[in-house]
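K.L.:
sequence and computational prediction follow.
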Amino acid sequence: DKFTIVKPPLCTESAMKQIEDNNTLTFIVDINANKNQIKKAVSDLYQIETVKINTLIRPDGKKKAYVRLPASREALEIANTIGII
């Protein structure tokens, strides 16, 4: 289920820098989700294409996903629509 895979988007200072510099959105995701599931859930929830997904597990045990967007889509605009900014 897409709602259990993708949890809230991150709104930290470093996440904002990723949005501006790398055209990348940052989400907290389910610990057991793989990159294909994250890609499908993000496209279903927010109707956006993804170029690449990088994941890491934070020291507090939560999984973080960096969702890279194509150059044709501006991450800042999508962040505004989602409500991150």
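P.N.:
Structure's in. What do you need?

K.L.:
for the protein, longest helix please?
P.N.:
Longest among the helix segments of the chain by residue count, using DSSP state H, is helix 35-46.

K.L.:
which positions in that helix come out as buried?
P.N.:
Gln37, Ile38, Lys39, Ala41, Val42, Tyr46 (16 or more other C-beta atoms under 10 Å). Backbone N, C-alpha and C define where each C-beta goes, glycine included.

K.L.:
what's downstream of it, the next helix or strand?
P.N.:
Going down the chain from helix 35-46, the next helix or strand is strand 52-57, by DSSP states H and E.

K.L.:
outside of that following strand, which residues touch it?
P.N.:
By C-beta atoms under 8 Å, 6 or more residues apart in numbering, the residues outside strand 52-57 that reach it are Val29, Ile31, Lys35, Ile38, Lys39, Lys63, Lys64, Ala65, Tyr66, Val67, Arg68.

K.L.:
give me that answer again for 6 Å
P.N.:
Applying C-beta atoms under 6 Å, 6 or more residues apart in numbering, the external contacts of strand 52-57 come out as Lys35, Ile38, Lys39, Lys63, Lys64, Ala65, Tyr66, Val67, Arg68.

K.L.:
now for those residues, which pair is the farthest apart?
P.N.:
Maximum pairwise distance among those (C-beta to C-beta): 16.6 Å, between Lys63 and Arg68.
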